[in-house]
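Trainee: have a look at this prediction, sequence included:
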Amino acid sequence: MTRALTPLAVTATVLLAWQMLVTLAGLPPFILPGPVRVAKALAENADLIAWHAGVTLTEVILGLILGALLGAATALHLAVSPLARRLLRPVLILTQALPVFALAPILTLWLGYGLESKILMAVLIIYFPVTSAFFDGLTQTPRGWLDLAQTMQARPAYVLWRIRVPAALPALASGLRLAAVYAPIGAIIGEWVGASQGLGYLMLLANGRAKIDLMFAALAVLAVMTLLLHKGVGLACDRLVARLH
Amino acid sequence: MVADADTDSYGTPTELLRNSYTTFQEHRGAPGLRLAGSVRFGGVPLLTDVTLDLAPGGWTCLLGPSGSGKSTLLRLIAGLDTGADFDGTISASDDNCLAGRVAYMAQDDLLMPWLDLRGNVALGARLRGDPVDWPRLDALIDRLGLAAHAAKRPAKLSGGQRQRTALARTLMENKDFVLLDEPFSALDARTRADMQDLAARHLAGRTVLLVTHDPMEAARLGHKIYLMENNALTDVPPAPGATVPRPGDDAAMLAHGAALLDRLRSRP
């Protein structure tokens, strides 16, 4: 009971402090609107925000699915092929040295203003965490199990599918949880750089027109969406891991 | 190939109990095994020019303190990675290749948490891509008293049940040579004695190497006992009596265990 109430109490306190700051300091709404005003903007623009949120959510979910599949496939490939490890790992590290943000304008140039460039941004941003989490899991199979498999004259392909992959699922799950939080960042960056729809676009637009309350409302919706996504992916992963472990 | 008597022993529990001793001892004629040579760890000698002879169709106990390198010898025979340099030969007395004739059981039961008990017992066949002999498997887990738990995951089993499942998996492999790396040492006293009985009964006729640090266990189970300490391997006489497990209250066996303990303690 108290555990469930703590986050609520914290949120309420922050909102109260925010409102008091705005009221007591007399800040103008185009600099910092209070939470009440943001809530009003949210209610007045509910349809508009919902439409843009739907676009962003589509990008994020497609990005998550594609990124998870690509990342998992890469990790499997790295785990079974020493050649892939030699060739791909330096490239993977290099991609992490580049700020993905810097690629956004190029992706927009290549893929246009539609969903594709945003989905690809989301894929790019989650690809590495998924790959490295799953790959770590695949390389850390308890040695005793591998010894046992070896004395049983197991085939490597069966060792991979029947021991190493199931044993690595908790690691993959933690990668996916991280991905659920990162994917919206990718989509929003894509929308900032060039888009005609989505929460990122709406925020930029509202900001430009000094509708800071609308911008905060869109930001709040984005935050809630990300939290729910994180929770949903977490629950799905927990169920999968619980079924298997 | 030795005919596997385990497969065709169906019947009522009473029949099974009555038949168990005769049935299980039909795996006869497993050959002996010899390891001869020197083992070094990064240039430092662990054992020099030693010979380890496994009693054909019987129990050989390799007794020694922790860290003496007992497991290294077992792992060498199992063909597992040891990090040691071995210069010598490991051969079966029938001159056939050892590969694929060894079953391995460790202190950790090594059960897969995502498989149920039957799935764990079937692991070897499933990892080789062979069809699983389910009737034989079910008869086996029935005989080990695990039938009621067949659909349970390892997390729902007690320590003793888990180790019995590991024994079932080892028996399912049906190999001439069975390598046991302290499989009973993490069990409580009662479960350990039960497991020793069960293993001795079901592994009868196979060539077994048991690595242990427990002198009493070696006295109880060994047809042959090697003492490993101070970089040497000594062939010491086993307790009297050819049938293992020797009864837990056998005075001669107990005295023998105590003597082995004294011997272990007398070394620096």
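Mentor: Perfect, thanks for sending it. Residues are numbered from 1 along each chain as shown, chains lettered A, B, ... in the order given.
Trainee: what number of residues lie near the closest residue to chain A within chain B?
Mentor: Chain B approaches chain A most closely through residue B:127 (3.4 Å), counting by CB to the nearest CB. C-beta coordinates here come from the backbone N, C-alpha and C atoms, glycine included. Residue B:127 sits with 22 neighbouring residues when counted by other CB atoms under 10 Å in any protein chain shown.
Trainee: could you look up the SS state of it?
Mentor: Three-state assignment for residue B:127 (DSSP: H, G, I helix; E, B strand; the rest coil): helix.
Trainee: pull the residues that contact stretch A:10-22.
Mentor: A:27, A:32-36 (CB atoms under 8 Å, 6 or more residues apart in numbering or on different chains).
Trainee: most remote residue from the chain's center?
Mentor: Since no chain was named, I'll use chain A. residue A:151 (41.8 Å; CA atoms, centre = their mean).
Trainee: oops, wrong one, chain B.
Mentor: residue B:43 (30.4 Å).
Trainee: before we move on, back to that, so which of the contacts of stretch A:10-22 is the most crowded?
Mentor: Ranking the contacts of stretch A:10-22 using other CB under 10 Å puts residue A:33 first, with 23 neighbours.
Trainee: right, and that one touches residue A:211 too?
Mentor: No - here residue A:33 lies out of contact with residue A:211, judged by CB atoms under 8 Å, at a distance of 9.2 Å.
Trainee: what sits against the residue in chain A that chain B sits nearest to?
Mentor: Across chain A, the shortest distance to chain B (CB to the nearest CB) belongs to residue A:154, at 3.4 Å. Counting by CB under 8 Å, 6+ apart, residue A:154 touches B:124, B:127-128.
Trainee: any chance of the residues you listed in JSON lines with pLDDT and distance to residue B:172 as columns?
Mentor: As requested, the contacts of residue A:154 are arranged in JSON lines below (pLDDT from 0 to 100; distance: CB to CB, whole Å):
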{"residue": "B:124", "pLDDT": "96", "distance to residue B:172": "6"}
{"residue": "B:127", "pLDDT": "97", "distance to residue B:172": "12"}
{"residue": "B:128", "pLDDT": "96", "distance to residue B:172": "12"}
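Trainee: how many residues are close by residue B:252?
Mentor: 12.
Trainee: near chain B, which residues of chain A?
Mentor: Listed as neighbours of chain B in chain A under the rule CB under 8 Å from any CB of the partner chain: A:144-145, A:147-155, A:158-159, A:162-163, A:166, A:243-245.
Trainee: ok, back up a step: residues contacting the residue of chain B closest to chain A?
Mentor: Residues counted as contacts of residue B:127 (CB under 8 Å, 6+ apart) are A:149, A:152, A:154-155, A:158-159, A:162-163.
Trainee: filter these down to just the ones in helices.
Mentor: Among those, the members found in helices (DSSP state H) are A:149, A:158-159.
Trainee: which of these count as buried?
Mentor: With burial judged by 16 or more other CB atoms under 10 Å in any protein chain shown, the buried subset of the ones in helices among the contacts of residue B:127 is A:149, A:158-159.
Trainee: now those residues in CSV, with distance to residue B:207 and pLDDT?
Mentor: CSV is the format used below for those (distance: CB to CB, whole Å; pLDDT from 0 to 100):
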residue, distance to residue B:207, pLDDT
A:149, 22, 97
A:158, 27, 96
A:159, 27, 96
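Trainee: nearest to residue B:80, of the residues you listed?
Mentor: residue A:149 (10.7 Å; CB to CB).
Trainee: give me the mean pLDDT for the strand of greatest length in chain B.
Mentor: Counting by DSSP state E, the longest strand found in chain B is strand B:44-54. Taken as a whole, strand B:44-54 has a mean pLDDT of 91.
Trainee: so how far is it off the chain centroid?
Mentor: In terms of CA atoms, centre = their mean, to the nearest Å, the centre of strand B:44-54 is set 20 Å apart from its chain centre.
Trainee: note down every partner strand of it and its orientation.
Mentor: Note on strand B:44-54: by DSSP bridges, its sheet partners are strand B:33-41 (antiparallel).
Trainee: list the contacts of residue B:130.
Mentor: So residue B:130 contacts nothing (CB under 8 Å, 6+ apart).
Trainee: and it, backbone torsions?
Mentor: Backbone torsions for residue B:130, taken as degrees, to the nearest 10, come to phi -90, psi 150.
Trainee: does stretch B:69-86 reach chain A?
Mentor: Yes - using CB under 8 Å from any CB, we find that stretch B:69-86 touches chain A at B:75, B:78-81.
Trainee: in that stretch, which residues are buried?
Mentor: So for stretch B:69-86, counting by 16+ other CB under 10 Å, buried means B:69-80, B:82, B:84, B:86.
Trainee: show me these that map onto helices.
Mentor: Going by DSSP H, the helices hold B:70-78 from the buried residues of stretch B:69-86.
Trainee: all strands of chain A, in order?
Mentor: Going by DSSP E, chain A shows no strands.
Trainee: point out where it drops to low pLDDT.
Mentor: In the predicted model, chain A carries pLDDT under 70 at residues A:1-2, A:245.
Trainee: and with 90 instead?
Mentor: A:1-8, A:26-31, A:88-108, A:112-114, A:193-196, A:210, A:240-245 (pLDDT under 90).
Trainee: please enumerate the strands of chain B.
Mentor: Going by DSSP E, chain B shows strands at B:33-41, B:44-54, B:59-63, B:85-92, B:102-106, B:177-181, B:207-212, B:224-229, B:232-236.
Trainee: measure the residue nearest to residue A:155 when sequence neighbours are not counted to residue A:149 for me?
Mentor: Closest residue to residue A:155 apart from its sequence neighbours, by CB to CB, 6 or more residues apart in numbering or on different chains: residue B:129 at 5.7 Å. Computed as CB to CB, to the nearest Å, the residue B:129 to residue A:149 distance reads 12 Å.
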